[in-house]
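1. Pasting the sequence and the predicted model now:
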Amino acid sequence: MSDTILEVRNICKEFPGVKALDNVSFDLRRGEVHVLLGENGAGKSTLMKVLTGVYHPDSGEIYLHGKQMTFQTPRDAQKAGIAIIFQEFNLAPNLTVAQNIYLGREPCTRAGFIDRAKLLQDSQRILDFLKVDIDPNAKVETLGIAHQQLVELAKALSIDSEILIMDEPTATLSDREINTLFDTIRSLQERGVSIIYISHRLQELRVIGNRITVLRDGQSVGTRNAGDVAMDDLIRMMVGRELKKERIRSVNTSREEYALEVENLSQGKLLRDISIYVRKGEVVCLAGLVGSGRTELAQAIYGITRRDSGSVRICGRDIPRPLPTRCIRQKMGFMSESRKEFGLALNLPIRTNITHAGLKTIFPSGIVDLRKERRIAKEFRDKLRIVTPDVERNVINLSGGNQQKVVLAKWLSTDSEFLVFDEPTRGIDVGAKEEIHNMIHDLATQGVGILMISSDLPEVLTLADRIYVMREGRIVKELGYEGITQEEVIAYATGGVAG
Amino acid sequence: MNAKSGRRRVQAVLKRVPMTLFLLLGIILVFSLLTGPAKYLKLSNVMNVINQCASGVGILALGSFLAICSTGVDLSLGGIASLSGMLTAKLLSWAPAPIGPALLLVLAIFVALAAGAVMGSLNGLILSRTNIPSFIITLGVSKICETLSRVIAGGTTIRVNGHAAFEFIGSGSLLSVQQTTMKGARVITRSIGILPVSVLIMLALYVLFSLLMRRTPFGTYVYAIGGNYEAAELSGIDTTRTRFRVFLLGGLLAAVTGIIMTSRLTAASAANGLGMEFDGIAAAVVGGAAMTGGRSTPWRTFIGALTISVLRNGFSMIEMLPAMQMIAIGLVLIIVVAIDAARNRR
Amino acid sequence: MQWIKKHLATLSRLSILLVMFLLLVIVSPSFGTMTNILNVLRVSSLTLMVATGIALCMLVGGIDLSVGATIALTSILFGSRFQLGHGIGDMVFGIAGILVVSALIGACNGFCVAWLRIPPFLATYGIQQIARGLAYVLTNGLVYSNFTSTFQFIGGGRILGIHTPIIFAALLLLIVGLMLNKTTLGRRIYAVGSNREAARYSGINVNATLMMAYILSGIIAGFAGIVYTSRLNCAEPTIGSEFAQEAIAAAAIGGISFKGGHGNVFGVVVGALILTLITNGMTLLSIDSNWQVGATGVIIILAVLIDRNTAKKKH
Amino acid sequence: AEEYEVTLILKDNTSAGWRYLASAAIAMGEEIGVKVTENSPLETQDADQQYNAVLDAIEKEVDAICIAPVDSAGIVPALTKAYEAGIPVFTTNTRAFNEGDEVISFVGVGNEQGGYDIAKYMFAQFPEDETINLIIIDGNRTGQTTLDRIAGIERAIAEDGRVNLLDSQEAKFSRAQAQETMENFLVKYDDIDLVIALNDEMAIGSYNAIVAAGRVEEMLISGFDGTPEGLQAVLDGQISASLNQSLPGQGSEVIKAVKTYLDGGEVEEWIVVGGEVCTPENAGELLTKLIK
Ligand SMILES: Nc1ncnc2c1ncn2[C@@H]1O[C@H](COP(=O)(O)OP(=O)(O)OP(=O)(O)O)[C@@H](O)[C@H]1O
Ligand SMILES: Nc1ncnc2c1ncn2[C@@H]1O[C@H](COP(=O)(O)OP(=O)(O)OP(=O)(O)O)[C@@H](O)[C@H]1O
Ligand SMILES: [Mg+2]
Ligand SMILES: [Mg+2]
């Protein structure tokens, strides 16, 4: 069990102004699940990109089966038996699921044409193995973000690899899919596949991990066996400080001002007859399985998609034909779950990204006050601990979690009275998560109404004043202030209990 | 019950037929009403339009489509067509030729295709190895082609005289029928080619490229690059090579266009073909290509190319003033693409 | 050092310009004269104006192929409709009319791109056909000339020895530069160009922003048309047929990205100057017209190539 | 009388000269009962588009085709098709290189001869023993017209022996481009004696540049075509001479010839129209004839 299959020695990698990897060493044994842990921007993704030939290290060596390797391109790494699921999606939206799974490795007939029957069969087999119900002929752009994640997984599995790297595979998944994923990982392990697993969900680590390596500021802090390490120790290794846990807020139920009132909203088959409300100063969570329509609901409220019927009031005012601009005028904000697609202007600086949503309120005269903008950006950088040398840097150069924080900062910089957060802590490390929770908490205390969508149930339970559980486009249950348990929520979400 | 499922099947098929085809049929209907169906839809005019398509935008549009599909744009196609056409003419007018006419023809076509390949590769080489936008590279290469064409022409137009085999490419037909028309009291009999060689070449190329795009890894790669360049790269696709090939093929297609054009005119001037690249792009976009890449198919592009040829011929049949034709074509192009875009949005 | 790193792209562009300039001074004695330098600046100032407008469209992720036709149509309109009287009032009225018409053409582009979702390349190509077609219909190929001397001053005069087009171009660039960097409209333009969906989610009115960029490009083209007409003292429907291509090349050499959301409008100056130097230099060197075409092509590619290679990062 | 239908195909749809020709042709058509429809290439001088225009005219079953070919060689296959379809073809302004009887008649002057004549005339304006430093403002070197006119000028240069050709550049028959080209030449050369522009538009553009540089006294300019603007410029002393192509004359004569032919009459193989050098002496007379 302890034969080392992959070894990385003294890897250094520097980006302009950032030492992303500083002398990192690390080894992987056959058949183990090796967890990489670290704060946002610690260098986890960079290390994986070095391992797969996306980046070239400044110095250091990679040994595969004791042989030194250099990977020029991702293809080299693939050939050597290393497959990866990247943190950011890498699918071609205009191609079908099957085409994406075997992209670059199409089965061909002898005449050089693609063997489409085989392509479909093989894809179907992998999807079946993952127990997901996706049509391999569907175009990827028609899939939700969770299903896309599963296609990524299928794609990685289709490579008959010895080493499989997963960079935050569970960030968008809910418990059911996560369990399927873990089953998959275990059966791969049995086949002798080694797995590098990156996640910010600490509770997963001991379920699935064998060993854990912690990175901090581009350096390796140490490797532990998953069985005999205490969670608090891990967090201390990651963060380098203690986290404070306590949060006290009494919900001000006496406030009767509504931030959001939705009545009988329907939209095709996705949303049926939904009525919910959010009071100012209240944190309301939408719980449910992936595909239950939570994102769709939020999008319909925000005017991204058209609703068929029903009414929406924001901060007491009717919005008959919602559009993002109109909603923002009524002091609503919406943080989307997909930062790359809908959240960020990747090739622009952090500074301008942060003011995009609040241009009208921050600069009411239409003239940009650069000093003010810089001040706001710096404020949020410090408040949210965005790891970057300066706020002039383009967002694309940030780590995934830090990008997420920029999106968050964008919405926090507006003077919204009603905010929708769709998976706000996706890909965010424990420390920062804690801070974001505090921030949401503070916002609510200041009287902002909050509607939060999260697949992370513990998060839902710690933050929510009230929970709506969704299933198949309907609200199946409203759960009140006290005594909600995880089991209860899951039961309603899966239909285990009649709504 | 059965009727219902039948209707559903028809609907499903209809849904897959591109909107632009219906629009094209609509345009044809309007023209035949305006000109008189007997005049407009007679065999000779139908063949006339298809012929104009084959020797004009038809083949070249495939190159435009390929470039656009891989998120680029190829502005050099007209220039390459001009250069290849010029080379063909120059070689065929070689006198006294050291080799026989048949061999000379083979040589001329080979050289013309090679020139297309070289210029296409030049595009591809710079493009796939740097991050210069294709607009700029192909614009530059187009100008280089124009210069070469002018210099080869040496300040005259080059004529190709009495090379029947060569003329057959652009003007010949495998099968002809007789069409008789009355002109006043005179009866005029014309033979109308119903299997013109240039049209057959065009159709063969469309079949070939349709196969290429749908059935080979190369096609998938082109679509993947258009859909998500990074994903394609990280999936291990050799994006450099794929993009190189796209522009190489574009160069070859433009060369074929140039050869057909010269054969049809039996002469080459350096101005021939210049500006055609815009027709090609328009054809691809009318066919449903998105400039952001990854959309549309060769056959849709064919519909786009036909639309443009039908418009040109139709407006001239209804005797619209040339300047008005410009306006009308601009308008119709915008309307057609707008309708298509509106349908796709739903 | 930090500063150099940050502005590497701009510096490399400048150095290309400088090298070209020095080469021309060495090779052609008449090049370095003050007259010629002013001449180069004056010619490039028109390219620069048009390119500034196109840069706005490129920044929102589009392109504007219709500028040349806009120039032709507006100058024809000016010549045929607005220049009947010869008083100052007629001229002012005419100029205002042109700016309105060119804004309308821009609005048509914007409408097609924003609301009809037509790819900008095709939309502006179509509008270009329409506008130029109209110009031909209006003039039937004729040329209008002999404008008043007041009007001729706009594009042909000098202030403190400097040609007016140069001054106009500089002012325009300054205004557009300030707009892009110092106003929320500028922020919106970059945001929409960089990621249209994200901009929409941020509550930016994407369609209005697109519209604005195309309208501005139209107005700028109209303004350039006035200056051009005045300088040539004639209005003909064929003018400006190569303006779009040249201006786009200038913008691209100047570092404006075709993908949108990236680039600094001040870089366009260098782009316009490089392009003008090519034509001016080749004429002064008596390079045959046939070869000039290709040489322009080669230099455009080289200019962008050198620039991009220094700016390109590979990890 | 019976109405004939004629398609008129000129080189482009944009430049002034062709508009004069077309207007005159249409006006003459109305007068004598011939319906003239123009279908010239849109913008560029494009041989392929002319080819298509001829084919479209055949499908329209017109009674005759009048064409000014962009490419004298490239148009021949199309003319052969018209011949086969029984449609008579008339060329104007520029000849086609046909070898058979496809073309009934040519109406116009020889461009080569015109180039020779005007060059000869301009050279004669200079003293016997003086070298003449010459600039040629070209039209469009991919087109027949330019090639022919240049050939004529070159013949005159060779005969004369005094001429030193300084430079030549394409200016696409456009006033604007000619003005810019001339600006560059003025910076470069300080000893220009003569500017020959291949049409009147470019001559006027060159004149504007020369005025702006304050060097009107130093050199002479000539144009080509004898358009109203050109003749006026000759009268005003801005340019020294032009060559009377009598474009309107070409337009009306060709339609007259068509009518005669279709009515069963005889027409000459070459109907000469214009061809004389326009000088300040005859420009006024020519201009009044034109405007009438
Ligand atoms: N292409 C790049 N250019 C410049 N800096 C980069 C680039 N990619 C990453 N970095 C920087 O390197 C550091 C490490 O980033 P990395 O993506 O490896 O973090 P991570 O550990 O994966 O974080 P997360 O948990 O947020 O995904 C970050 O500070 C980031 O800003
Ligand atoms: N009943 C359904 N039938 C078919 N597709 C569905 C159905 N419900 C949802 N989907 C699709 O499944 C995808 C999953 O959506 P998505 O993951 O955004 O849902 P969600 O409820 O918002 O979950 P999460 O917030 O966890 O992402 C969506 O693209 C949606 O269109
Ligand atoms: Mg990461
Ligand atoms: Mg969701």
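-> Perfect, I can see it now. Ligands and ions are numbered 1, 2, ... in the order given.

2. got the residues of chain A near ligand 3?
-> Selection of chain A residues close to ligand 3 by C-beta under 5 Å from the ion yields A:45, A:87, A:399-400. No exception for glycine: its C-beta is placed from N, CA and C like everyone else's.

3. farthest pair in the residues you listed?
-> A:Gln87 and A:Ser399 (8.6 Å; C-beta to C-beta).

4. what about residue 151, helix or strand, and which?
-> I'll assume chain A. helix A:145-158 (DSSP states H and E).

5. Hmm, no, I was thinking of chain D.
-> helix D:144-160.

6. now the residue positioned nearest the centre of chain D, which residues is it bridged with?
-> Note on chain D: the residue nearest the mean C-alpha position is D:Asp225, at 5.4 Å, using C-alpha atoms, centre = their mean. The partner list for D:Asp225 in beta bridges (DSSP bridges) reads D:Asn244.

7. ok, now which ones touch it?
-> D:17, D:199-200, D:242-245, D:247 (C-beta atoms under 8 Å, 6 or more residues apart in numbering or on different chains).

8. ok, it to D:Val234 distance?
-> Per C-beta to C-beta, to the nearest Å, D:Asp225 is found 11 Å from D:Val234.

9. Over to D:Arg175?
-> Where D:Val234 is concerned, D:Arg175 sits at a distance of 16 Å (C-beta to C-beta).

10. One more: A:Gln446?
-> Taken as C-beta to C-beta, the span from A:Gln446 to D:Val234 is 84 Å.

11. For A:Ser275, which three-state class applies?
-> strand (DSSP: H, G, I helix; E, B strand; the rest coil).

12. swap in A:Ser292?
-> A:Ser292 ends up coil, using three-state DSSP.

13. That one: how many residues sit nearby?
-> 23 (other C-beta atoms under 10 Å in any protein chain shown).

14. list the contacts for it?
-> By C-beta under 8 Å, 6+ apart, the contact set of A:Ser292 is A:470-473, A:493.

15. And D:Asp200, by the same measure?
-> D:Asp200 sits in contact with D:223-227, D:229-230, D:233, D:239, D:242, where contact means C-beta under 8 Å, 6+ apart.

16. Any chance of those in JSON lines with pLDDT as columns?
-> Formatted as JSON lines, the contacts of D:Asp200 follow (pLDDT from 0 to 100):
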{"residue": "D:Gly223", "pLDDT": "94"}
{"residue": "D:Phe224", "pLDDT": "92"}
{"residue": "D:Asp225", "pLDDT": "89"}
{"residue": "D:Gly226", "pLDDT": "87"}
{"residue": "D:Thr227", "pLDDT": "86"}
{"residue": "D:Glu229", "pLDDT": "85"}
{"residue": "D:Gly230", "pLDDT": "89"}
{"residue": "D:Ala233", "pLDDT": "92"}
{"residue": "D:Ile239", "pLDDT": "93"}
{"residue": "D:Ser242", "pLDDT": "93"}
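
17. Can you pull the phi and psi angles for C:Asn146?
-> Main-chain torsions, C:Asn146, degrees, to the nearest 10: phi 60, psi 60.

18. relative to helix D:144-160, how tilted is the helix or strand where D:Leu21 lies?
-> Per DSSP H and E, D:Leu21 falls inside helix D:16-32. Our comparison of helix D:16-32 with helix D:144-160, counting by axes from the mean of the first three to the mean of the last three C-alpha atoms, to 10 degrees, yields an angle of 110 degrees.

19. Say whether chain B is contacted by helix D:16-32.
-> No. Contact between helix D:16-32 and chain B is absent, the nearest approach being 9.4 Å (criterion: C-beta under 8 Å from any C-beta of the partner chain).

20. quick one: low-confidence ranges for the stretch 51-200 of chain B?
-> Within the stretch 51-200 of chain B, the segments meeting pLDDT under 70 span B:184.

21. need the residues of it near chain D, please.
-> B:51-52, B:55-56, B:150, B:153, B:155-159, B:167, B:171, B:181, B:183, B:186, B:188, B:190.

22. residues contacting residue 50?
-> The chain I'm using is chain A. A:Val50 neighbours (C-beta under 8 Å, 6+ apart): A:8, A:11, A:13, A:21, A:56-57, A:62.

23. oops, chain D please
-> Contacts for D:Gln50 (C-beta under 8 Å, 6+ apart) come out as D:9, D:11, D:40-41, D:67, D:69-71, D:74-75, D:78.

24. which regions of the chain lie under the pLDDT threshold?
-> Reading this off chain A. Ranges of chain A meeting pLDDT under 70: A:1-2, A:241-255, A:481-483, A:496-499.

25. Chain C was what I was after
-> Looking at chain C by pLDDT under 70, you get C:1-6, C:81-86, C:141, C:308-315.

26. check contacts around the most centrally placed residue in it.
-> The centroid of chain C falls nearest to C:Val50 when counting by C-alpha atoms, centre = their mean (1.6 Å). Each residue near C:Val50 by C-beta under 8 Å, 6+ apart is listed here: C:67, C:71, C:220-221, C:224, C:243-244, C:246-247.

27. just D:Glu159 next, same as before
-> D:Glu159 touches D:Lys120, counting by C-beta under 8 Å, 6+ apart.

28. rerun that using 10 Å as the cut-off
-> Counting by C-beta atoms under 10 Å, 6 or more residues apart in numbering or on different chains, D:Glu159 touches D:116, D:119-120, D:123.

29. contacting residues around the residue of chain B found nearest ligand 1?
-> Of all residues in chain B, B:Glu230 sits closest to ligand 1, at 12.0 Å by C-beta to the nearest ligand atom. Contacts for B:Glu230 (C-beta under 10 Å, 6+ apart) come out as A:54, A:86, A:88-90, A:92, B:239.

30. ok, of these, which one's closest to ligand 2?
-> Ligand 2 lies nearest to A:Phe89 out of these, by C-beta to the nearest ligand atom, at 12.8 Å.

31. Contact residues of chain C facing chain A?
-> Within chain C, the residues that sit near chain A (C-beta under 10 Å from any C-beta of the partner chain) are C:2, C:5-6, C:178, C:180-188, C:190-208, C:257, C:259-262, C:313-315.

32. can you rerun that using 7 Å?
-> Neighbours of chain A within chain C, by C-beta under 7 Å from any C-beta of the partner chain: C:182-184, C:187-188, C:190-191, C:194-195, C:197-205, C:261-262, C:315.

33. Return the members of those classed as buried.
-> Among the residues of chain C next to chain A, those buried by neighbour count (16 or more other C-beta atoms under 10 Å in any protein chain shown) are C:182-184, C:187-188, C:190-191, C:194-195, C:197-205, C:261-262.

34. So which of the residues you listed would count as near ligand 4 as well?
-> Taking C-beta under 5 Å from the ion as the test, ligand 4 is in contact with none of those.
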